[in-house]
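Undergrad: model the following, please.
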Amino acid sequence: MRTVAMTRNDLDPWVLPEYRPTVGWFVYYLWRDGALIYVGKTTDLDARMRDHRSKGYDRATYSTHASEQDMTRTERAAIDQYKPPLNRRGVVPQVSRRK
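TA: Coordinates of the predicted model:
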């Protein structure tokens, strides 16, 4: 698992730097003022970051995973451990699939 940090400025205007993978198995973490506010999973990081522009985060981090199962386990563990306020209790978001 590899973890990478990005600031909100890194994500605007939603153009991905060459070094950042956009397709794979990712768990991403959205932060505001140093506090974790949301944890999610996706197979298309760029699309998911665009989807979450309204969440009001100022930093995002993500980890890459070797399988969908590993990605799902990591997301569930992070939600259970940190209880981010924008994750609905007991509901694990679905993976956004690349079209």
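
Undergrad: helices along the protein, start to end?
TA: 8-11, 45-51, 68-82 (DSSP state H).

Undergrad: which secondary structure elements does the second one contact?
TA: Applying 3 or more C-beta pairs under 8 Å, 6 or more residues apart in numbering; DSSP states H and E, we find helix 45-51 packed against strand 23-32. Just so you know, the C-beta spots here come from the backbone N, C-alpha and C atoms, and that holds for glycine as well.

Undergrad: what's the strand it packs on in contact with?
TA: Strand 23-32 is contacted by residues 36-45, 48-49, 52, 55-68, 70-71, 74-75, 78, 84, 86, 98 when judged by C-beta atoms under 8 Å, 6 or more residues apart in numbering.

Undergrad: what about 6 Å?
TA: Contacts with strand 23-32, where a contact means C-beta atoms under 6 Å, 6 or more residues apart in numbering, come from 36-42, 44-45, 55-65, 68, 71, 74-75.

Undergrad: what pairs with that strand, parallel or antiparallel?
TA: Strands that pair with strand 23-32, judged by DSSP bridges, come out as strand 35-44 (antiparallel), strand 59-65 (antiparallel).

Undergrad: and the shortest one, what's its mean pLDDT?
TA: Rounded to a whole number, the mean pLDDT of strand 59-65 is 87.

Undergrad: now do the buried residues in that strand.
TA: Arg59, Ala60, Tyr62, Ser63, Thr64, His65 (16 or more other C-beta atoms under 10 Å).

Undergrad: buried set for stretch 32-45?
TA: Across stretch 32-45, burial judged by 16+ other C-beta under 10 Å covers Arg32, Leu36, Ile37, Tyr38, Val39, Gly40, Lys41, Thr42, Thr43, Asp44, Leu45.

Undergrad: now the two most distant members of those residues.
TA: For these, with distances taken as C-beta to C-beta, the pair at the greatest spread is Arg32 and Thr43 (24.8 Å).

Undergrad: next, count neighbours for Gln81.
TA: Using other C-beta atoms under 10 Å as the criterion, Gln81 is surrounded by 10 other residues.

Undergrad: and for Thr72?
TA: For Thr72, the tally of surrounding residues (other C-beta under 10 Å) stands at 16.

Undergrad: in space, what's closest to it - neighbours in sequence excluded?
TA: Lys41 (6.6 Å; C-beta to C-beta, 6 or more residues apart in numbering).
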